[in-house]
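Asks: Need coordinates for the following:
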Amino acid sequence: MSTNIRLYSLEDAIVAFSAGKFVLIHDDKGRENEVDMVIASEFVTPMHVGILRRQAGGLICTAISHEAASRLGLMYMHDILEHMAITAPKLSKLGFSRAPYGDRSAFSISVNHRDTYTGITDYDRALTINKIAEVCRNINSDGPEMFSNSFRAPGHVPILIASKGLLNNRIGHTELCMYLAQVSGLTHSVVVCEMLDIDTHRALTIDGAQKYARENNILILEGSQLTNYAKAV
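Replies: Residues are numbered from 1 along each chain as shown. This next block holds a predicted model:
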């Protein structure tokens, strides 16, 4: 990591995040070594989806808590594939594989809200994301029924499931952004998108992310700031 990077305090990030602003989070040089642009799902508009699509460029996903996923009956995709492998053994290696940095994927299913058309437009994805946040906000009441009645799968918004215990068990962007939502007092549903470099066709470097953050007045955090805070409280 460059020694010139300017990091902001977690308190600053909580204020910005709670106000519906983007925050950039770098996980760790020994992990993905990527920067994700994140925003709380409840604030997402079509404009935000357009910014993520054009300026971040990665896969626009919605992360939810492990508790919410359990209430909804959602499973990790690797668990779904393991179940499928019982009748289709050729799929067994897909479900048991791990990423080069050691983690198993946080992906679950992908969905569209039933009021969308194709599901891929900025308007459609913003609607789906907003409705996922609504489901999570009502997870202990009518959220599960709302989810089963209001969405269809597969769709254009991939759902990520944070690990049980969050940063105690996994330190991916899914858990980092979910912890940020938790300490911000927001609904546990967050949109994440990897920042890519159009020139190198690789992940945007931490220096490149810092430059983007400075030019666009966006806060940037190291994952260690969140993990250290979690250990201290």
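
Asks: how about Asp124, what does it touch?
Replies: Asp124 makes contacts with 112-113, 116-118, 156, as judged by C-beta atoms under 8 Å, 6 or more residues apart in numbering. Every residue, glycine included, has its C-beta placed from N, CA and C.

Asks: quick one: buried residues of the helix or strand where it lies?
Replies: Assigned by DSSP states H and E, Asp124 belongs to helix 122-137. Judged by neighbour count (16 or more other C-beta atoms under 10 Å), helix 122-137 contains these buried residues: 122, 124-137.

Asks: cool, and stretch 34-51?
Replies: 34-45, 48-49, 51.

Asks: ok now it, how far from the chain's centre?
Replies: Relative to the centre of its chain, stretch 34-51 is centred 10 Å away, using C-alpha atoms, centre = their mean, to the nearest Å.

Asks: Can you give me the end-to-end span of it?
Replies: Taking C-alpha to C-alpha, to the nearest Å, the first and last residues of stretch 34-51 lie 18 Å apart.

Asks: what's the answer for stretch 159-174, then?
Replies: End-to-end distance of stretch 159-174 (C-alpha to C-alpha): 10 Å.

Asks: Show residues contacting that stretch.
Replies: 25, 27-28, 31-32, 34, 36, 38, 61-66, 69, 74, 76, 103, 106-111, 132, 175-176, 178-179, 182, 188, 192, 223, 226-227, 230.

Asks: right, and the helix or strand after the helix or strand of the chain with the lowest mean pLDDT?
Replies: One helix or strand of the chain scores below all others by mean pLDDT, DSSP states H and E: helix 92-96, with a mean of 71. With elements assigned by DSSP H and E, the helix or strand that comes after helix 92-96 is strand 107-113.

Asks: could I have that following strand exported to PDB, CA atoms only?
Replies: Output of strand 107-113 as PDB, limited to C-alpha atoms (Å, rounded to 0.1, in the frame of the first residue of the first chain):
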ATOM      1  CA  PHE A 107     -22.600 -15.500  -3.400                       C
ATOM      2  CA  SER A 108     -26.200 -16.800  -3.000                       C
ATOM      3  CA  ILE A 109     -28.900 -16.500  -5.700                       C
ATOM      4  CA  SER A 110     -29.600 -13.500  -7.900                       C
ATOM      5  CA  VAL A 111     -33.000 -11.900  -8.100                       C
ATOM      6  CA  ASN A 112     -35.200  -9.300  -9.800                       C
ATOM      7  CA  HIS A 113     -38.100  -7.600  -8.100                       C
END
